[in-house]
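[1] can you look at this prediction? I've put the sequence above it.
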Amino acid sequence: MSEKGFDVDLVLQPKRSERLAWKVATASCGLSLLLGAAIVFMMPLKETEVFTVLVDKTTGAAERIVQVQPTGISDEEAVKEALLVAYVTDRESYILAGIQERLESVQRRSSGSAQNSLRRLWTDSSDNESYPPRVYGQGSEVSVRIKAINFLEPLVAQVRFEKSLRRPRQEAVTRSFVATVGFEFEPRRERQLQRVWENPLGFTVTTFRVDAETLGE
């Protein structure tokens, strides 16, 4: 080998070795990162969830305070809960403003025994002691607050709620109740578009019973 060639080899060989060493080191680091990520991915996830519970001093029932974040319930369950909340609130409240429209809407969302009991309740007759205007009196209002919904079956739910009665110049009186609601989805043809918007899924309550909530429930 010529002296010139020897000099070239002597200068370039360390550079080639250095580049090769850097390539090997880089590849090793990349492989280590991939292995570390794979190990972390395969490790079981453990998470401790802390939440606040509100205890009803009257009934003793515990109610979780929901935070403003995804609740984890399915879309179908969320739709059912929203429809149940609207129905129970409209049926059990007593607020004169707009009451005729609400009652007609509740009647359209009812069938069978649920519809029959609604008609009996709102029939103004001398032997109907439960007729709401007669029970609550003039100037009174009853508001409803839904506390919890529990599905006993896919189409049967228990709705826990409070009713607050406000009479003129008197303190409000609040009581707890449980409504057992059987329902179905029965889409129907409507002549008015407003009816379709009101109940597009054909949500219909077939059975409806309300009981006072006690400490043992």
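    Okay, I see it. Residues are numbered from 1 along each chain as shown.
[2] can we go C-alpha only for contacts and neighbour counts from here?
    Fine.
[3] dump the residue contacts of E190.
    E190 sits next to V196 when contact means CA atoms under 8 Å, 6 or more residues apart in numbering.
[4] switch the cut-off to 10 Å
    Residues counted as contacts of E190 (CA atoms under 10 Å, 6 or more residues apart in numbering) are V196, P200.
[5] checking it next. Helix, strand or coil?
    coil (DSSP: H, G, I helix; E, B strand; the rest coil).
[6] oh, and call the first residue 48 from now on, that's how I've got it
    Noted, 48 is the first residue going forward, which turns the last one into E237.
[7] I'd like the distance between it and E124.
    According to CA to CA, to the nearest Å, E237 stands 25 Å off from E124.
[8] same check on F224?
    F224 is 22 Å from E124, by CA to CA.
[9] those two: who's more crowded?
    Using other CA atoms under 10 Å, the more surrounded residue of F224 and E124 is F224, with 17 against 12.
[10] ok, and the closest non-adjacent residue to D137?
    R149 (6.1 Å; CA to CA, 6 or more residues apart in numbering).
[11] so how far is G249 from the one you found?
    17 Å.
[12] do A226 as well
    20 Å.
[13] my guess is the residue nearest to D137 is in a helix, correct?
    Yes: membership of R149 in a helix is supported by three-state DSSP.
[14] and for it, the neighbour number?
    Neighbour tally, R149, other CA under 10 Å: 19.
[15] per-residue confidence at it?
    With respect to pLDDT, R149 scores 97.
[16] span of stretch 136-149 from start to end?
    10 Å.
[17] pLDDT weak spots in this protein?
    By pLDDT under 70, the weakly predicted segments of the chain are 48-105, 107, 109-120, 262-264.
[18] what about the helices in it?
    Ranges of helices in the chain, per DSSP state H, are 50-89, 122-139, 146-155, 159-168, 179-183, 240-245.
[19] got the angle between the second one and helix 146-155?
    Direction vectors for helix 122-139 and helix 146-155, defined by axes from the mean of the first three to the mean of the last three CA atoms, to 10 degrees, enclose an angle of 130 degrees.
[20] what residues of helix 122-139 count as buried?
    Counting neighbours by 16 or more other CA atoms under 10 Å, one finds that the buried residues in helix 122-139 are K127, E128, L130, L131, V132, Y134, V135, T136, D137, R138, E139.
[21] quick one: A219 from T106, how far?
    For A219 relative to T106 (CA to CA), the value is 18 Å.
[22] please apply the same query to L150.
    Distance from L150 to T106, by CA to CA: 30 Å.
[23] of these two, who's got more company?
    Using other CA under 10 Å as the criterion, L150 and T106 rank with L150 on top: 17 against 14.
[24] my guess is that one meets L165, correct?
    Yes: contact criterion CA atoms under 10 Å: L150 and L165 qualify, at 8.8 Å.
[25] and V191, how many neighbours does it have?
    What V191 shows, counting by other CA under 10 Å, is a neighbour count of 21.
[26] quick one, what contacts it?
    132, 135-141, 208-212, 221-223 are the contacts of V191 under CA under 10 Å, 6+ apart.
[27] closest to R181 among the residues you listed?
    Set against R181, the nearest of the contacts of V191 by CA to CA is Y141 (11.8 Å).
[28] bridged to the nearest residue to the closest one once chain neighbours are set aside, which residues?
    If the residues on either side of it in the chain are set aside, Y141 comes closest to V189, at 4.7 Å by CA to CA, 6+ apart. Per DSSP bridges, the residues bridged to V189 are Y141, L212.
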